[in-house]
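J.: Coordinates only, no sequence provided:
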């Protein structure tokens, strides 16, 4: 029996170019008549030494920076839960640092799960679970001039977007040039082209929304933009005018969920070769070799697709109104960003560093449907990995909130009270208490902590006028594929599909090596 490269890698020797000298020695031994694998392995170890020990979870965690204050019992319990999750995750050998934002709250269950509002700096590696299945959840705003009523505009908006589980029916699908990009040989994208069409102009459910607001353009705002280097935007926003603003919040829908599942399978496979005792939620891909570069390219496509999804909704809305876009702003907050050899992962964290031109990044931070959306300039505060919060976050889980407001009458009364100043639409018909203002942290306190910890500078506010959310579709949010843990995903995924995906990856890997 001959020892193969796969055998050597399984024993712990590194793959790629590093294994070639070992294979050359085995070929030489075979040519000299040595065929016993045990004896050949003994000679190989004598020449090259034993395989390096596998990586393992550290006993001590890497440093955790906390941009979060807690005073009430709910806040304190929330902070302790977030710390537990982050401290478990920071034992992962490829993670260098971590931070939690003011909106931090626990996410899911299991070991080493990154909480919402968590950010990590990872050396030359990508951790799929740290961006989750809702890849590229993001904000996008379009400024336009309007004198129409809020009710009429929300009616129009209801007709051009879609919320709820599932996807658009065939007769309602929206085409976009992003569907025709030449990316489909990538193993993480193969076979998913139709899904890009299923979910275009579709926002899903949960905390995703379409928000109508208005912003008064002040001299201070345009001055701040010019000083920060955002001169084009400053010129587009005329001081003294008040613009209507459409803001959408959603991710990559079923497309991203399937890419995540494939990425998690590949990460588990890679991590099993490189390390032992690593929880599933901390499994990683090497960004420099194997499937890592292909996964990174797939993430970049998801970013382009998600931005096109936002724009499709905004374009359809403005066409119905006969209005022209005056300016656009957008940012991701559930993604992976590369800066040198470090891959910054944010699970609900807004990038707040400087761009390639030295300009502080612009960000949109929603607080709740009845509060302004903040327009911010990133402070590039390295202590907190140069992130800001992505919203207000929760102190209570959805289940705990429902227990606190027991009974349909109590829930409806609270929904009515907390949304009485804005026009709220529930796309699926039934209001959802867990997405009303009472479900989220105190907006003023979150805003204060942004300033206290020096995360970003607020330069403008988009005041709320109306909002559309999915509402209660009758399907539990726990059963959505984009909310499941890696373990649940693997349990629910059909075995035949998993074999097909693995075979696609193996075929690609063999072709790449040849």
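T.: The structure has been received and is ready for your questions. All values reported here derive from a predicted model rather than from experimental measurement. Numbers count the residues shown, from 1 in each chain.

J.: what's next to the helix or strand harbouring residue 409, contact-wise?
T.: Using DSSP states H and E, residue 409 sits in helix 408-418. Helix 408-418 is contacted from outside by 370, 402, 405, 431, 433, 436-438, using C-beta atoms under 8 Å, 6 or more residues apart in numbering. All C-beta spots, glycine's among them, are computed from the backbone N, C-alpha and C.

J.: which two in these are spaced the farthest apart?
T.: The most widely separated members of the contacts of helix 408-418, counting by C-beta to C-beta, are 370 and 402 (19.9 Å).

J.: Does anything pack onto the strand or helix carrying residue 309? Which helices or strands?
T.: Following DSSP H and E, one finds residue 309 within helix 292-321. Helices and strands touching helix 292-321, by 3 or more C-beta pairs under 8 Å, 6 or more residues apart in numbering; DSSP states H and E, are strand 125-126, strand 137-144, helix 150-160, strand 242-250, helix 253-274, strand 285-286, strand 325-339.

J.: Rounded mean pLDDT for that helix, please.
T.: Average pLDDT, helix 292-321: 98.

J.: Now do the buried residues in that helix.
T.: Neighbour counts over helix 292-321 (16 or more other C-beta atoms under 10 Å) mark 292-296, 298-299, 301-303, 305-318, 321 as buried.

J.: Next one: the residue nearest the centre of the chain from residue 387, what distance?
T.: By C-alpha atoms, centre = their mean, the mean C-alpha position of the chain lies nearest to residue 334, the distance being 2.3 Å. Going from residue 334 to residue 387 by C-beta to C-beta, to the nearest Å gives 12 Å.

J.: can you check residue 124 too?
T.: Distance of residue 124 to residue 387, given as C-beta to C-beta: 20 Å.

J.: Which one of those two is surrounded by more residues?
T.: More neighbours surround residue 387 than the other of residue 124 and residue 387, with 31 against 16 (other C-beta atoms under 10 Å).

J.: give me every residue that touches the residue nearest to the centre of the chain.
T.: Counted by C-beta under 8 Å, 6+ apart, residue 334 has contacts 131-132, 134-138, 251, 346-348, 390.

J.: Show the pLDDT at it.
T.: Reported pLDDT at residue 334 in the predicted model: 97.

J.: same check, this time on the one 4 residues further on
T.: Residue 338 is assigned a predicted lDDT (pLDDT) of 97.

J.: Okay, it and residue 449: tell me how far apart.
T.: Distance from residue 338 to residue 449, counting by C-beta to C-beta: 28 Å.

J.: who's more crowded, those two?
T.: Ranked by neighbour count (other C-beta under 10 Å), residue 338 and residue 449 place residue 449 first, with 18 against 14.

J.: Tell me who's in contact with the nearest residue to residue 334 once chain neighbours are set aside.
T.: Closest residue to residue 334 apart from its sequence neighbours, by C-beta to C-beta, 6 or more residues apart in numbering: residue 137 at 3.6 Å. Applying C-beta under 8 Å, 6+ apart, we find residue 137 in contact with 208, 249-252, 332-335, 348.

J.: 10 Å instead, please
T.: By C-beta atoms under 10 Å, 6 or more residues apart in numbering, the contact list for residue 137 reads 131, 204, 206-208, 249-252, 256, 306, 332-335, 346-348, 390, 482.

J.: So it versus residue 164, what's the distance?
T.: 17 Å.

J.: Likewise for residue 16?
T.: Noted for residue 16: a distance of 46 Å to residue 164, by C-beta to C-beta.

J.: More neighbours: which of the two?
T.: Neighbours per residue, other C-beta under 10 Å: of residue 16 and residue 164, the larger number sits with residue 164, 18 against 13.

J.: what about that one, which SS state?
T.: At residue 164, secondary structure determined by DSSP: H, G, I helix; E, B strand; the rest coil is coil.

J.: what sits against it?
T.: Going by C-beta under 10 Å, 6+ apart, residue 164 touches 202-205, 427-429, 470-475.

J.: So which of these is the closest to residue 356?
T.: Ranked by distance to residue 356 (C-beta to C-beta), the contacts of residue 164 are led by residue 203 at 30.4 Å.

J.: That closest one: what secondary structure?
T.: State at residue 203, reduced to three classes by three-state DSSP: coil.

J.: in terms of contact, does it touch residue 250 like I think?
T.: Yes: counting by C-beta atoms under 10 Å, residue 250 is a contact partner of residue 203 at 4.1 Å.

J.: can you give me the strands for the stretch 351-500 of the chain?
T.: Under the criterion DSSP state E, counting those that start in this stretch, the stretch 351-500 of the chain contains strands at 362-365, 373-378, 387-389, 423-426, 456-469.

J.: what about the third one, average pLDDT?
T.: Read it as strand 387-389. Across strand 387-389, the average pLDDT comes to 98.

J.: Adjacent strands (with direction) for it?
T.: The pairing partners recorded for strand 387-389 under DSSP bridges are strand 349-351 (antiparallel).

J.: same question, the first one
T.: If you go by DSSP bridges, strand 362-365 pairs up with strand 373-378 (antiparallel).

J.: Excluding residues flanking it in the chain, which one is nearest residue 77?
T.: Excluding the flanking residues, the one nearest residue 77 by C-beta to C-beta, 6+ apart is residue 395, at 7.8 Å.

J.: can you list the weak-confidence ranges in the stretch 351-500 of the chain?
T.: For the stretch 351-500 of the chain, the stretches with pLDDT under 70 are 475-500.

J.: show me the residues around residue 156 that make contact.
T.: 148, 212, 316-321.

J.: Buried ones in stretch 265-275, by neighbour count?
T.: Going by 16+ other C-beta under 10 Å, stretch 265-275 has these buried residues: 265-268, 270-271, 274-275.

J.: Could you give the average pLDDT over that stretch?
T.: On average, the pLDDT along stretch 265-275 is 93.

J.: for that stretch, the distance to its chain's centre please.
T.: The chain centre lies 21 Å from the centre of stretch 265-275; the measure is C-alpha atoms, centre = their mean, to the nearest Å.

J.: got it, and stretch 167-186?
T.: On C-alpha atoms, centre = their mean, the centre of stretch 167-186 falls 21 Å from the chain's centre.

J.: do the same with stretch 349-366
T.: 16 Å.

J.: Report the buried residues of that stretch.
T.: 349-354, 360-366.

J.: Quick check: nearest residue in space to residue 58, chain neighbours excluded?
T.: Nearest residue to residue 58, sequence neighbours excluded (C-beta to C-beta, 6+ apart): residue 91, at 4.6 Å.

J.: quick one: terminal-to-terminal distance for stretch 415-434?
T.: Stretch 415-434 stretches 9 Å from its first residue to its last (C-alpha to C-alpha, to the nearest Å).

J.: hang on, I meant stretch 132-142
T.: Using C-alpha to C-alpha, the end-to-end distance of stretch 132-142 comes out at 27 Å.

J.: again, but for stretch 5-16
T.: For stretch 5-16, the first-to-last residue distance is 9 Å (C-alpha to C-alpha).

J.: got the contact list for that stretch?
T.: Residues outside stretch 5-16 that contact it (C-beta under 10 Å, 6+ apart) are 1, 3-4, 18-20, 22-23, 26, 37, 41, 44-45, 48-54, 270, 272-274, 276, 286, 288-290, 513.

J.: Which member of the contacts of helix 408-418 is positioned nearest residue 65?
T.: Of all the contacts of helix 408-418, residue 437 has the smallest distance to residue 65: 28.4 Å, by C-beta to C-beta.

J.: show me the contacts for that closest one.
T.: Counting by C-beta under 10 Å, 6+ apart, residue 437 touches 367-371, 392, 414-415, 417-419, 422, 443.

J.: before we move on, back to that, am I right that the residue nearest to residue 77 is in contact with residue 80?
T.: No: using C-beta under 10 Å, residue 395 is not in contact with residue 80, being 11.7 Å away.

J.: Can you work out which residues contact both of these two?
T.: Joint contacts of residue 395 and residue 80 (C-beta under 10 Å, 6+ apart) are residue 70.
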